[in-house]
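Novice: Here's my sequence, what's the structure:
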Amino acid sequence: MKPEVEIKHVYRTSYRTHMCGDLSREEVGKEVVLCGWVDSVRVHGKLAFINLRDRAGIVQAVMNHKNPFFKELKNITQETVIQLKGKVKERPETQINPEMKTGEVEVEILELKILNKAEKLPVSFKKEVYPHEETRLRYRYLDLRTPFMQRNILFKNEVVKVLRKYLDLKGFVEVETPYLAKSTPEGSRDFLVPSRLHPKKFYALAQSPQLYKQLLMVSGFDRYYQFARCFRDEDLRADRQPEFTQLDIEMSFIEAQDLMEIVEEMMKQLVEETLQVKIETPFKKIRYSLSVNKYGTDKPDLRIKGLEIVRFKEPVEGGKIVLEKETINELLNRETGKMNQKLKEIAERNRVNLYLFKEGEKRKEFIGTSKNDSSPRKEMENSTSILALGERENVLKALNEARRVIAYSLDLLDEEKYRFVWIINPPLFELSQEDGKLKPTHHPFTAPKRGEEALLEENPLKVEADAYDLVLNGWEVGGGSIRNNKAEIQEKIFKLLGLKRDEYMERYGFLLESFRYGAPPHGGIALGLERLVSVLLGLNSIREVIAFPKNKDGIDLLTNSPTKAPKEYLREIKWVTHLKI
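Specialist: All right, here's what the predicted structure looks like:
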């Protein structure tokens with residue numbers, strides 16, 4: 001479903017009386033003044049038709065050859081900005097256009113004025129020749145005029161309004177936190193900003209307001225929120241940008257369940273108000289370990305019917321997805337070549353062997369990375385299934401990808417369009433693949449589950465975090481936790497992460513100090529605004545809901561940035577080029 005965002009009436013200005021897309025039978029007989037972009041011009045004999053567009057929509061305007069402004073048509077090109085005065089008329093019954101919001105009316109042109117003639121467009125944005133994304137980003141101001149992009153941006157605006165209204169009514173206080181902050185690594189690289197006034201020192205663009213919102217809890221602002229800009233220097237993909245917005249929420253004197261109830265009620269209200277779709281609460285909760293073993297991921301798409309993973313360890317590490325015979329036949333008969341290629345890529349990417357078993361038939365090998373696999377167990381041949389063999393994590397990742405490819409290709413999804421789920425209690429720590437050391441699964445300020453503090457010294461990898469991720473249709477749209485509010489526990493975690501006292505005091509001393517002066521129990525969540533909007537609209541990339549995004553290489557193609565800095569700026573921070581690393 002592609003929701004239509006209702007545009008509120010724009011009041012009269014010195015240029016116009018109405019928005020183009022607001023006209024309906026209610027305005028029939030009225031004289032109106034409209035402004036906008038020329039979407040198209042058509043001349044049929046003695047009649048000319050202009051489709052005029054603004055952000056509210058398109059309306060058809062018409063004039064005959066006797067109109068003194070008819071001669072202006074030769075100066076009007078596509079995307080020329082014009083103003084016209086005219087009378088609203090009903091269209092004849094046979095000419096009503098049900099595809100247009102204003103399809104029951106048209107405007108008889110009385111006067112026309114060209115406000116700014118457009119040169120020939122460098123690229124067409126009509127549906128039939130929609131350009132490649134790189135071209136769209138290069139001419140983003142043209143791309144943003146399209147109904148598709150206007151819908152996305154306007155819907156995002158509606159989402160923000162609903163969320164803000166809900167939080168205001170629930171007693172939350174909106175507080176801004178700094179963009180220029182101290183470098184306190186949170187898992188991604190910082191963008192560093194050299195200080196002109198303090199040589200050899202840097203600010204960091206805040207990766208999130210994490211420490212500031214905790215300090216606000218210490219300060220007594222027990223219900224805080226902010227639509228926060230976040231900056232992370234990391235490799236980009238469809239759901240990542242170097243700068244993005246998150247709805248940041250923090251509360252004092254709560255447990256995880258209190259926070260989840262607030263978010264569930266907020267999401268229910270959001271979906272129902274913006275999409276007119278009912279969703280059920282409370283949301284399902286799945287433990288992290290169960291989600292990974294059952295679906296191969298901590299971001300399961302619960303719309304997928306069945307296709308759950310069955311793991312086994314003997315005679316080799318592996319797992320399978322059991323399918324119905326009809327499903328496997330459709331899979332093979334309808335898209336054999338395409339599906340084989342997808343499964344082959346999954347096997348190679350995850351370094352596993354994938355096999356197909358059809359009940360009562362000899363196994364068929366899709367792709368293998370090794371010829372030395374032990375044979376699967378005999379009973380595997382008594383089910384119709386996709387089988388994966390390899391290392392545990394690789395098997396789970398491969399089967400997660402396989403079940404999604406199969407479900408999306410064959411439309412094995414529930415009719416329910418939006419399925420929220422909480423993934424709870426992940427491990428507090430995991431081992432780094434680079435050096436084998438402990439690293440936080442979430443971030444270092446997450447509290448262990450109550451009662452498990454003693455395990456921090458005995459077996460830290462067994463400790464569960466008091467954390468929760470909100471997943472919608474297979475996308476993680478939010479993540480949060482109960483935080484540490486006692487300095488001794490927080491210091492213990494820093495030490496387990498390999499930080500020496502002077503290191504963590506340099507980075508986080510101000511936070512530990514605040515905890516010693518009365519820090520309430522607190523927790524929160526950060527919801528990725530662009531991810532949430534993208535999922536609600538059924539889009540595959542957050543770039544489609546950001547007005548001016550970067551491309552996959554982190555470049556703004558519209559302004560061609562990043563660029564070299566002016567020499568006079570560099571002179572003022574010339575010490576940067578002389579730093580000894």
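Novice: Would you mind listing the buried residues in stretch 196-205?
Specialist: Of all the residues in stretch 196-205, those buried under the rule 16 or more other C-beta atoms under 10 Å are 203-205. Where you see a C-beta, it was placed from the backbone N, CA and C, and this is true even at glycine.
Novice: oh, I was asking about stretch 418-428
Specialist: For stretch 418-428, by 16+ other C-beta under 10 Å, it's 419-428.
Novice: Same check on stretch 19-32?
Specialist: For stretch 19-32, burial by neighbour count (16+ other C-beta under 10 Å) applies to 19-23, 27, 32.
Novice: Likewise for stretch 484-504?
Specialist: For stretch 484-504, by 16+ other C-beta under 10 Å, it's 484-485, 487, 490-494, 496-497, 499, 504.
Novice: And stretch 179-198, by the same measure?
Specialist: Judged by neighbour count using 16+ other C-beta under 10 Å, the buried positions of stretch 179-198 are 179, 181, 183-184, 186, 188, 190-191, 193-194.
Novice: ditto for stretch 225-233
Specialist: 225-226, 228-232.
Novice: same question, stretch 513-520
Specialist: 514-515, 519.
Novice: can you redo the buried residues of stretch 179-198 as JSON lines with secondary structure, pLDDT and distance to Leu275?
Specialist: Formatted as JSON lines, the buried residues of stretch 179-198 follow (DSSP: H, G, I helix; E, B strand; the rest coil; pLDDT from 0 to 100; distance: C-beta to C-beta, whole Å):
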{"residue": "Tyr179", "secondary structure": "coil", "pLDDT": "96", "distance to Leu275": "32"}
{"residue": "Ala181", "secondary structure": "strand", "pLDDT": "94", "distance to Leu275": "36"}
{"residue": "Ser183", "secondary structure": "coil", "pLDDT": "89", "distance to Leu275": "40"}
{"residue": "Thr184", "secondary structure": "coil", "pLDDT": "83", "distance to Leu275": "38"}
{"residue": "Glu186", "secondary structure": "coil", "pLDDT": "65", "distance to Leu275": "33"}
{"residue": "Ser188", "secondary structure": "coil", "pLDDT": "81", "distance to Leu275": "32"}
{"residue": "Asp190", "secondary structure": "coil", "pLDDT": "92", "distance to Leu275": "37"}
{"residue": "Phe191", "secondary structure": "coil", "pLDDT": "93", "distance to Leu275": "35"}
{"residue": "Val193", "secondary structure": "strand", "pLDDT": "92", "distance to Leu275": "40"}
{"residue": "Pro194", "secondary structure": "strand", "pLDDT": "91", "distance to Leu275": "45"}
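Novice: ok, back up a step: output the buried residues of stretch 196-205 in TSV, with pLDDT appended to each entry.
Specialist: Output for those, formatted as TSV (pLDDT from 0 to 100):
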residue	pLDDT
Tyr203	94
Ala204	94
Leu205	94
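Novice: Show me which of these is closest to Val271.
Specialist: The shortest approach to Val271 among those belongs to Leu205, at 32.2 Å (C-beta to C-beta).
Novice: Once you drop chain neighbours, what's closest to the closest one?
Specialist: Spatial nearest neighbour of Leu205, excluding adjacent residues (C-beta to C-beta, 6 or more residues apart in numbering): Phe231 at 3.7 Å.
Novice: Okay, the one you found and Leu497: tell me how far apart.
Specialist: The gap separating Phe231 from Leu497 is 23 Å, by C-beta to C-beta, to the nearest Å.
Novice: hmm, back to that, out of the buried residues of stretch 418-428, what pair is the most spread apart?
Specialist: Taking C-beta to C-beta, the two most distant members of the buried residues of stretch 418-428 are Arg419 and Leu428; they sit 27.3 Å apart.
Novice: Please verify my assumption that Asp466 contacts Arg450.
Specialist: Yes - counting by C-beta atoms under 8 Å, Asp466 touches Arg450, with 6.9 Å between them.
Novice: quick one on the thing from earlier: quick check: strands, which of the buried residues of stretch 225-233 are part of them?
Specialist: Among the buried residues of stretch 225-233, the ones falling in strands (DSSP state E) are 225-226, 228-231.
Novice: Can you add distance to Ile82 and give these back as JSON lines?
Specialist: Converted to JSON lines, these look like this (distance: C-beta to C-beta, whole Å):
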{"residue": "Tyr225", "distance to Ile82": "43"}
{"residue": "Gln226", "distance to Ile82": "41"}
{"residue": "Ala228", "distance to Ile82": "41"}
{"residue": "Arg229", "distance to Ile82": "37"}
{"residue": "Cys230", "distance to Ile82": "41"}
{"residue": "Phe231", "distance to Ile82": "41"}
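Novice: What pairs with the host helix or strand of Gln83, parallel or antiparallel?
Specialist: Using DSSP states H and E, Gln83 maps to strand 81-90. Strand 81-90 has its sheet partners listed here by DSSP bridges as strand 31-44 (antiparallel), strand 105-116 (antiparallel).
Novice: low pLDDT regions in the stretch 1-150 of the chain?
Specialist: For the stretch 1-150 of the chain, the stretches with pLDDT under 70 are 1-11, 127-128.
Novice: returning to what we had before: go through the strand holding Gln83 and flag the buried ones.
Specialist: By neighbour count on 16+ other C-beta under 10 Å, the buried set for strand 81-90 is 82-86, 88.
Novice: So which residues of the stretch 1-150 of the chain form helices?
Specialist: Per DSSP state H, counting those that start in this stretch, the stretch 1-150 of the chain carries helices over the ranges 133-138, 140-143, 147-169.
Novice: ok, residues contacting the longest one?
Specialist: The contact list for helix 147-169 (C-beta atoms under 8 Å, 6 or more residues apart in numbering) reads 2-5, 7, 55, 143-144, 174, 225, 227, 247, 249, 265-266, 269-270, 273-274, 529-530, 532-533, 536-537, 539, 544-545, 547.
Novice: Same question for the second one.
Specialist: Defining contact as C-beta under 8 Å, 6+ apart, one finds that helix 140-143 is touched by 79, 121, 123, 125, 136-137, 149, 547-548, 557-558.
Novice: Can I get those residues in CSV including distance to Val310 and neighbour count?
Specialist: As requested, the contacts of helix 140-143 are arranged in CSV below (distance: C-beta to C-beta, whole Å; neighbours: other C-beta atoms under 10 Å):
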residue, distance to Val310, neighbour count
Glu79, 57, 18
Leu121, 56, 12
Val123, 51, 14
Phe125, 48, 21
Arg136, 44, 21
Leu137, 44, 19
Met149, 44, 18
Ala547, 46, 12
Phe548, 46, 14
Leu557, 47, 19
Leu558, 50, 16
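Novice: any weak-confidence spans in the protein?
Specialist: Residue ranges of the chain with pLDDT under 70: 1-11, 127-128, 186-187, 314-316, 325-326, 328-329, 331-337, 359-383, 577-581.
Novice: most distant residue from the middle of it?
Specialist: Going by C-alpha atoms, centre = their mean, the residue of the chain most distant from its centre is Lys66, 53.0 Å out.
Novice: Show me the strands in the stretch 451-581 of the chain, by range?
Specialist: 467-472, 475-482, 522-528 (DSSP state E, counting those that start in this stretch).
Novice: Partner strands of the last one and their direction?
Specialist: What it means is strand 522-528. Strand pairing for strand 522-528, using DSSP bridges, gives strand 243-252 (antiparallel), strand 475-482 (antiparallel).
Novice: Now do the buried residues in the first one.
Specialist: Buried residues in strand 243-252, counted by 16+ other C-beta under 10 Å: 244-252.
Novice: Output those in JSON lines, with distance to Arg237 appended to each entry.
Specialist: Formatted as JSON lines, the buried residues of strand 243-252 follow (distance: C-beta to C-beta, whole Å):
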{"residue": "Phe244", "distance to Arg237": "12"}
{"residue": "Thr245", "distance to Arg237": "17"}
{"residue": "Gln246", "distance to Arg237": "17"}
{"residue": "Leu247", "distance to Arg237": "21"}
{"residue": "Asp248", "distance to Arg237": "22"}
{"residue": "Ile249", "distance to Arg237": "25"}
{"residue": "Glu250", "distance to Arg237": "28"}
{"residue": "Met251", "distance to Arg237": "31"}
{"residue": "Ser252", "distance to Arg237": "35"}
